[in-house]
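A.B. asks: here is a sequence with its predicted model. Questions after.
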Amino acid sequence: MRWGRFIVAALALAGLAPAGAEAAERMPVSPTAAAWAPNADDSWLFDVRSGQYRLGDGVRGYQTPQGICVDLGDVVLALDLAVRVDKKLRRATGWVFDERRSLTIDRETGEVRAGSERFRLAATTIRDTAAGWCVDLDSLNAWLGVPLTADLSNAVLRVDAKEKLPFQLAAERRARAASIRPQAQFDLATLPQAARPYQAWATPSVDVVASVGDGAAAVAAVTDVEPDIALLDVTMPEMDGIEATRRVVAARPETRVVILTASADREQMLRAVDAGALGYLLKDASPEELIEGVRAAARGESPLDPKVARELLADRRETRAPQLTDREREVLALVGEGLPNKLIARRLEISEKTVKAHLTRVYAQIGVTDRTQAALWARRHNIASDVT
């Protein structure tokens, strides 16, 4: 399963002219240009092309007195942009292609910020249409930093970038995965959250390029498709998720593995982590938790379900071997027998203050916070005193 960058696409951007182009800003808008309104005779439906790949489902546009304008909502879906628009506030925010290139469009103030650049909105840069915001193509190119060229003879918007952009890489991954078919043994619809609304699955940011039904097929898919994230069920036919994790990590270390399972079994979790899994999520997680877990893995973090984290911490406390001195073991053993500090001091022929100091260190070593817990720990671990 391939998960690309997570991007929520719900956009309408605004078109602007560069802030430094003061002469252009001062140019008067002709009455004809200002009075133009969208109509069927001026409309276009463009294909978006990047090399051999077709992106999205088409971009609507219009021929205006200033040139071509295109619908920003369509462009966002086609180019997989992480921009969100609030039509009521007439404001759009997000980032384009790289999180370092933020984008803020404020139609109320007439300003756009794209990375470190600022632009001012011209009177005709953004046209309101029934579909949304239709933005002047030249202005759009300036904001995105990527040339979009309108080929009117073929009704195509061509993307010509020097380096491959995220949406281009995603298109290549989907092409490589075209021969991989889901197996009958595994169906995402069996997950509990499949019965609940899950709009995030439909966003362009979730780039699922392969779905397979067993561990061996998962390893083969990772080799063929080279995903960023592999979400593996711990229980699969042919090869379980833990062995598949071990082979995926060996075959392609760049792919980050997140285990998905039905229970927080401690031994299973530790085996998965030892095999190289970066995260561990439960199948009863909400859609938002699952998406955020994969997002965290993409950032290089280790997503853990809270139940899983508690089990791992408990294992850490129980398996850590405390480094107790002989005197500390004697004090702990007597606590386990139920003796108070005064009697322990008398039995060991030390001061009561020294007993308290030993106990402070013992508590820290064995991971307890009070005398009762220490006594139970001593009995559970067969700490006995040789002092009579």
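C.D. replies: Okay, I see it.

A.B. asks: if I look at residue 84, how far off is residue 103?
C.D. replies: 10 Å (CB to CB, to the nearest Å). C-beta: built from backbone N, CA, C; applies to glycine.

A.B. asks: just for the stretch 151-300 of the chain, where's the confidence low?
C.D. replies: 178-207 (pLDDT under 70).

A.B. asks: at 90 instead, please
C.D. replies: 153-155, 159-218, 221-242, 249-256, 258-300 (pLDDT under 90).

A.B. asks: quick one: the helices in it?
C.D. replies: In the stretch 151-300 of the chain, the helices defined using DSSP state H, counting those that start in this stretch lie at 166-176, 215-225, 241-251, 266-275, 287-298.

A.B. asks: swap in the stretch 1-150 of the chain?
C.D. replies: 22-26, 31-35, 72-79, 137-144.

A.B. asks: by mean pLDDT, show me the worst of those helices.
C.D. replies: Among the helices of the stretch 1-150 of the chain, helix 22-26 carries the lowest mean pLDDT, at a mean of 37.

A.B. asks: measure the residue nearest the centre of the chain to residue 285 for me?
C.D. replies: Per CA atoms, centre = their mean, the C-alpha nearest to the average position across the chain is that of residue 295, at 1.2 Å. The gap separating residue 295 from residue 285 is 13 Å, by CB to CB.

A.B. asks: and what of residue 102?
C.D. replies: Counting by CB to CB, the gap from residue 102 to residue 285 is 30 Å.

A.B. asks: could you do residue 230 as well?
C.D. replies: From residue 230 to residue 285 the distance is 17 Å (CB to CB).

A.B. asks: over to residue 215?
C.D. replies: 21 Å.

A.B. asks: so for residue 230 and residue 285, which residue has more residues nearby?
C.D. replies: residue 230 (28 against 20; other CB atoms under 10 Å).

A.B. asks: the more buried one reaches residue 258, doesn't it?
C.D. replies: Yes: between residue 230 and residue 258 there is a contact under CB atoms under 8 Å: 7.3 Å.

A.B. asks: need the residues touching each of these two.
C.D. replies: Counting by CB atoms under 8 Å, 6 or more residues apart in numbering, residue 230 and residue 258 have no shared contacts at all.

A.B. asks: quick one: buried residues of stretch 237-255?
C.D. replies: Neighbour-count burial for stretch 237-255, counted by 16 or more other CB atoms under 10 Å, picks out 239-249, 252, 255.
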